[in-house]
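Undergrad: Here is a sequence with its predicted model. Questions after.
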Amino acid sequence: MKIVWILLAVLLVGLLVFSLLRRTAFAPAPKEGPNLPPLPKVPAGGADHGLETTYVVTSIKGHHDERVIARGLDKRGTAIAAVRTDGVLLDRRRAPTLFIPTAKLDGVRTTSSLVIVQWTHGGYELETGVRMRNDAERDRLRDRVTALIENQGV
């Protein structure tokens, strides 16, 4: 019985060492995106009722493997997405709030479950992806951002 406990302890230590090595030495480092200037401040003002979403990541447009690590934009998690008259607000839990002013919005597109907002900041073209719970919410968010972009010049 003593041998079983010793083998179990050795196995657990081995799994712990393997887990630590996998997360550090063997894991590929993410490609870092640009070092952005400070993000736009969230202006005072109301917003519509936001949609619960999962913030996925912000990356360089066309280079999805180059995640923007600056300003906490690589932190995945739950968020509330609200389209306001002055921009798109992503109120992220346990991460800084992201506000994209209307003037910085370039476009919006969707995939099967993502809404990808295209915008510029600090001379970089960026894409921010959020995962919606269902198709109706995905389409609603896309349509509201599209309307915001189209009404910029009005």
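TA: Received it, and whenever you're ready, just let me know what you need. Small disclaimer: the values here were computed from a predicted structure and weren't measured.

Undergrad: Just give me the residue closest to the centre of the protein.
TA: Val57 (2.7 Å; Cα atoms, centre = their mean).

Undergrad: what's across from it in the sheet?
TA: When bridges are called by DSSP bridges, Val57 pairs up with Gly129.

Undergrad: so what pLDDT did it get?
TA: For Val57, the pLDDT comes out at 91.

Undergrad: quick one: contacts for it?
TA: Val57 sits next to Arg67, Val68, Leu73, Asp74, Arg76, Thr128, Gly129 when contact means Cβ atoms under 8 Å, 6 or more residues apart in numbering. The C-beta positions use only the backbone N, C-alpha and C, and glycine is treated the same way.

Undergrad: Among these, which ones are in strands?
TA: Arg67, Thr128, Gly129 (DSSP state E).

Undergrad: Any figure for the gap between the last one and Trp119?
TA: The reference is to Gly129. 12 Å (Cβ to Cβ, to the nearest Å).

Undergrad: Neighbour count for the two, which is higher?
TA: A side-by-side neighbour count of Gly129 and Trp119, using other Cβ atoms under 10 Å, places Trp119 first with 24 against 21.

Undergrad: what sits opposite the more buried one in the beta ladder?
TA: As for beta bridges, Trp119 partners with Leu105, Leu126 under DSSP bridges.

Undergrad: try Pro101
TA: Applying DSSP bridges, one finds that Pro101 bridges with Gly87.

Undergrad: host element of Trp5?
TA: Trp5 is part of helix 2-23 when elements are defined by DSSP states H and E.

Undergrad: I'd like to know which elements that helix is packed against.
TA: Helices and strands touching helix 2-23, as assessed by 3 or more Cβ pairs under 8 Å, 6 or more residues apart in numbering; DSSP states H and E, are absent.

Undergrad: what bits of the protein have low per-residue confidence?
TA: Low-confidence segments of the chain, defined by pLDDT under 70: 21-49, 153-154.

Undergrad: make it 90
TA: Judged by pLDDT under 90, the chain has its weakly predicted residues at 1-5, 7-51, 60-75, 84-87, 94-97, 112-113, 122-124, 133, 151-154.

Undergrad: that older thread, where's the residue nearest to the centre of the chain relative to Tyr124, distance?
TA: Val57 is 14 Å from Tyr124, by Cβ to Cβ.

Undergrad: ditto for Leu7
TA: Using Cβ to Cβ, we find Leu7 at a distance of 54 Å from Tyr124.
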